[in-house]
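**Student:** Can you look at this prediction? I've put the sequence above it.
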Amino acid sequence: QVQLVESGGGLVQAGGSLRLSCAASGSIFRIDVMGWYRQAPGKQRELVADITSGGSTNYADSVKVRFTISRDNAKNTVYLQMNSLKPEDTGVYYCLTKATRLSGFRYVTNDYWGQGTQVTVSS
């Protein structure tokens, strides 16, 4: 199986910064896409940003310029640097990893979610 451990959430004032980390471990053969999603109270989970193994990135319009996603392929870790935070960025942030692992004699690709880390931005 694949395990994800997230860290870096917390409480910050508007205009502040936070850096989230998500490390994947387990019987991993390959990781394709790693990304961050968030879910605000009463709202659906939405994509914040994702990054391919080759470094191509994709951002939600609401976070472009303010957030930067990056990854360390050697450590199977993805980061999200969040600057100029706004109260509307508040929510639970989840790491998503699309990973391929060897299961018996087959390679199996699945999406794996982290447990979530709370980000609260006060006005």
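**Tutor:** Received the coordinates, thanks.

**Student:** tell me the SS of residue 24?
**Tutor:** The three-state label given to residue 24 by DSSP: H, G, I helix; E, B strand; the rest coil is strand.

**Student:** ok, the closest residue to it other than its chain neighbours - contacts?
**Tutor:** Using CB to CB, 6 or more residues apart in numbering and skipping the chain neighbours, the partner closest in space to residue 24 is residue 76 (4.2 Å). C-beta coordinates here come from the backbone N, C-alpha and C atoms, glycine included. For residue 76, the contact set (CB atoms under 8 Å, 6 or more residues apart in numbering) comprises 23, 24, 25, 28, 31.

**Student:** Could you do residue 99 as well?
**Tutor:** For residue 99, the contact set (CB under 8 Å, 6+ apart) comprises 2, 24, 28, 29, 30, 31, 32, 109, 110, 112.

**Student:** Quick one: buried ones out of those?
**Tutor:** By neighbour count, with 16 or more other CB atoms under 10 Å, the contacts of residue 99 hold 2, 24, 28, 31, 112 as buried.

**Student:** Identify those among those residues that sit within helices.
**Tutor:** Among the buried ones among the contacts of residue 99, none falls in helices (DSSP state H).

**Student:** Just send those back as a markdown table, with pLDDT too.
**Tutor:** A markdown table is the format used below for the buried ones among the contacts of residue 99 (pLDDT from 0 to 100):
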| residue | pLDDT |
| --- | --- |
| 2 | 90 |
| 24 | 96 |
| 28 | 90 |
| 31 | 95 |
| 112 | 95 |
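
**Student:** what's the closest of these to residue 37?
**Tutor:** Using CB to CB, residue 112 comes nearest to residue 37 of the buried ones among the contacts of residue 99, at 12.4 Å.

**Student:** Nice, that's everything, thank you.
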